[in-house]
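[1] can't give you the sequence, but here's the structure:
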C-alpha cells in the first residue's frame, strides 16, 4: 500500500495542474478523474503498477476504473494531513450519512456543471487571492429553501447637499411607485430578488459591467471557473429580465474572454429574437503592452456591449450622430464616385408643371431648373468651402440610384434624362404620417438633400453621421479625475454611459439599474440628467465608493460630462443595506488572523449562526485538536462551509423574530417598501 501511494504521488506531481506551492491538490485530482481527463489517464497508463491497479482489460480495450481510483485518492491514507481528510473525519455529510466525496457524481455535466444551480457569489477585493472560499458558494436547487426570498433593509438614510439625514419615508407617485434614487449595499443577487416586489416590469434600462472572468479577476474559487462564471451571470440575468419593462433593454459590457459564451447565454435568458446588437468599443489606449508577451495574444484595445431588449415588438432607439466638418466628410469620400457626396446645387427649381396622378402619387415636372456645383461657386465667388455649404445649405444635394417601386413609376411618366421631377404623397405611417411629402428626382435618380443630414450652427456647417456599432470616439483618458474618486480597474467614462442612456431613454421617469455599480458612473450620470436610478454594490470602496461620488455630484461636481449637460448640483438619494446574518460570521472568519480567534468564533457560531444541517457539532468539538492542526486558511475554509447559505441575510418574512433585533424604525422602513399597496 505504501509503495502504491508513494508511486502515485510521484506520478501525479508530473502534472503541474495538480501541484500548488509544492502540495498535491487532492480535489483537483478527483475532478480530473471525474472528467476522464486524457492527460491524467496517460500519466497513469505510463506506469505498470497504476495500469494493473486502476485499469481493466476488456478484449482489446483498456478501461479506466474511475470509481476505484477516486475511492483510493479519497481515502484517509492519501494526503492524510489535508483539509479534506479532516472534513471527512468530522462529518460534513448528506442526509444519507455519506461523506461528500462518496456521493455519486454521475449526474455532473462537465460542460456546465452548475447550470441549474445558484451561485451565491459574494465578492471581496481583488488583492485577497487566498480567501477564495468566501467568493462564491454553489447551491443545488434542493439545497435552496429561503436564499432568494426578500431581505430586510436596514440603516436607511437620505443624502442630499446638506449631508446625511434620518430616513423620512419613500417618495411615491399617485400610483404608489417609489420615485427615489436608491443605492443598496449587499449581495446583488439577493438585492435584485428583494427589488422584485416593487420594481418588477418597471425598469427601462439595465447597464452592467460585471467581472470579465480573466486571469486577473480573482473572483472565483472552484475548479469549474468558466462554468461558475456562466452560472453566476445566468442567475442574475434571469432576475434582471423580470425587472425590465416590456420596452426595456439591457447592455452587458465584457471583453473577448467570455463574449461569445455570454451572447449564447443571453440568447437563452432573453430569447434569441430579442437580440439587438453587439457594440464594439475602442477602450484604453496606452503606451504599455496588454495581451502580448508570454500569452502570445495581440494587444487588446476593444471591449463589447451586448444589447438585448425585453420584447422586440416594443423596442425603439434614438439614433446617435457625430458631427464632422464638411471638408473632413469630402476627404473621407474622395475615393468614392464623385456623385456620392454632396456637390450639386439646385439654384432654382423653375416652373412646376403637373404631369399625372398614379396610385395616390401626384407627379410634377419642373421646367428650366437651374443647377450649379459647389466647386464652380467657390471659383466664381472666391468663397471658402464652408461658406458655400452655409449659403446654399438647403439647396445642395446628391443623388442615389435607390431602386424603389415609386421611382420606377415616376420614371415611366417622365422617361427622359436630365429632367427634374417630383412626386407628392401622404404617408399612412411613420413620423410624417398624414402629412404631404414631396420627393425630387433628378436625371432618373433620387435626390437626397444635404440639409437632411447636416446642421448649420453659427455659420459653421457640420455633416451628421449616425454612429453604428463601432464606438471609437469616446475618450478613456484621465478617468481617475471623474467623480472625484479613483478605482484601480474597471472604471468607465461618463461619456460611455451618456451614450448608452441617450440611445434608449427619452423620459425622466425612466428607471436606470446597475447592479455592479462599482465606482458609481451609471448613477452619477443618471443623477445629472434627472433619471431615476437604482445601484447595487457589495464591495466597500471606502473613500472611492459610489456613495462618495454621488455626494460629490450633489455638490455640483464638474468632472466627466457635467459641463456638457449644464450640471449645477442638487438632488438626493436613499441609501439602504441588506441586513446580514450568516454573512456577518463570514466577514468575521475572513478578518480572523489566528486559530485562537477562529476557535472563539466557532463558539459564537454554535450559539448564534445558522449552521448547515450537514454539520455534526458534537463531532467537530470532539476533534478540536485535529481542527487546531489545520492551517489557518483551512480552518477558515471549514468554518465557512459550516454556515447555511440560506441564512446569509435576514428574510423579511422573519422580521418580527426577536433574535434578529430589527429596530422599530427599520420595521417601518420595510413595511413601507414591501407592503404599500399600489
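    That came through, no problem. No experiment lies behind these values; they were computed from the predicted model shown.

[2] what mean pLDDT does stretch 273-282 have?
    Averaging pLDDT along stretch 273-282 gives 97.

[3] repeat for stretch 116-123
    On average, stretch 116-123 scores 69.

[4] quick one: contacts of stretch 552-564?
    Applying Cβ atoms under 8 Å, 6 or more residues apart in numbering, the set of residues contacting stretch 552-564 from outside is 159-161, 481-485, 493-495, 498, 524-525, 527-528, 549, 567-572. (Glycine included, C-beta is placed from N, CA and C.)

[5] Strands - which of the residues you listed land there?
    159, 160 (DSSP state E).

[6] Show me how to select, in PyMOL, the buried members of the contacts of stretch 552-564.
    One line in PyMOL is enough to select the buried members of the contacts of stretch 552-564, burial here meaning 16 or more other Cβ atoms under 10 Å:
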select buried, resi 159+482+483+484+485+493+494+495+498+524+525+527+528+549+567+572
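
[7] what lines up beside the longest strand seen in the chain in the sheet?
    Longest strand in the chain, counting residues (DSSP E): strand 244-254. Using DSSP bridges, strand 244-254 pairs in its sheet with strand 203-208 (parallel), strand 302-309 (antiparallel).

[8] Please point out which parts of stretch 251-258 sit buried.
    Those would be 251, 252, 253, 254, 255, 257, 258, for stretch 251-258 by 16+ other Cβ under 10 Å.

[9] of all the residues you listed, which two lie farthest apart?
    251 and 257 (17.6 Å; Cβ to Cβ).

[10] So residue 263 versus residue 255, what's the distance?
    To residue 255, residue 263 is 13 Å away according to Cβ to Cβ, to the nearest Å.

[11] Correction: the previous question concerned residue 441.
    The separation that residue 441 has from residue 255, given Cβ to Cβ, amounts to 48 Å.

[12] again with residue 576
    Residue 576 is 32 Å from residue 255, by Cβ to Cβ.

[13] Next: residue 438.
    49 Å.

[14] next one: residue 599
    Distance, residue 599 to residue 255, by Cβ to Cβ: 44 Å.

[15] what's the answer for residue 507, then?
    As judged by Cβ to Cβ, residue 507 and residue 255 stand 32 Å apart.

[16] returning to what we had before: single out the most deeply packed of the strands paired with strand 244-254.
    With neighbours taken as mean count of other Cβ atoms under 10 Å, those reach their highest mean count in strand 203-208, at a mean of 23.

[17] Contacts for it next, please.
    Outside strand 203-208, the residues touching it (Cβ under 8 Å, 6+ apart) are 240, 243-245, 247-253, 497, 500-501, 504-505, 507, 510-516, 522, 534.

[18] And for residue 643, nearest residue in space, chain neighbours not counted?
    residue 582 (4.6 Å; Cβ to Cβ, 6 or more residues apart in numbering).

[19] for the strand or helix carrying residue 371, packing partners?
    Element membership for residue 371 (DSSP states H and E) is strand 370-373. Judged by 3 or more Cβ pairs under 8 Å, 6 or more residues apart in numbering; DSSP states H and E, the packing partners of strand 370-373 are strand 344-348.

[20] what's around the residue lying closest to residue 426 once chain neighbours are set aside, how many residues?
    Leaving aside its sequence neighbours, residue 426 sits nearest to residue 436 (Cβ to Cβ, 6+ apart; 5.5 Å). Neighbours of residue 436 under the rule other Cβ atoms under 10 Å: 10.

[21] Need the pLDDT of residue 436.
    At residue 436, pLDDT is 87.

[22] May I have the beta-bridge partners of the closest residue in space to residue 270 that isn't next to it in sequence?
    Among residues not flanking residue 270 along the chain, residue 308 sits closest, at 4.3 Å (Cβ to Cβ, 6+ apart). The partner list for residue 308 in beta bridges (DSSP bridges) reads residue 250, residue 275.

[23] for residue 308, what are its contacts?
    Contacts of residue 308 by Cβ under 8 Å, 6+ apart are 249, 250, 266, 270, 274, 275, 276.

[24] Helices along the stretch 551-678 of the chain, start to end?
    582-591, 595-608, 617-622, 624-629, 632-642, 664-675 (DSSP state H, counting those that start in this stretch).

[25] Serialize these to CSV and add fields for mean neighbour count and mean pLDDT.
    Compiled in CSV, these are given as follows (neighbours: other Cβ atoms under 10 Å; pLDDT from 0 to 100):
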stretch, mean neighbour count, mean pLDDT
helix 582-591, 19, 92
helix 595-608, 15, 95
helix 617-622, 14, 90
helix 624-629, 13, 89
helix 632-642, 20, 89
helix 664-675, 15, 96
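
[26] Which one, of these, ends up nearest to residue 374?
    Closest among the helices of the stretch 551-678 of the chain, using Cβ to Cβ: helix 664-675, at 63.4 Å.

[27] residues making contact with that closest one?
    150, 152-156, 167, 169-170, 178, 197-198, 579, 652, 655-656, 662.

[28] From what I see, residue 190 and residue 579 are in contact.
    No - contact between residue 190 and residue 579 fails when scored by Cβ atoms under 8 Å: they sit 10.7 Å apart.
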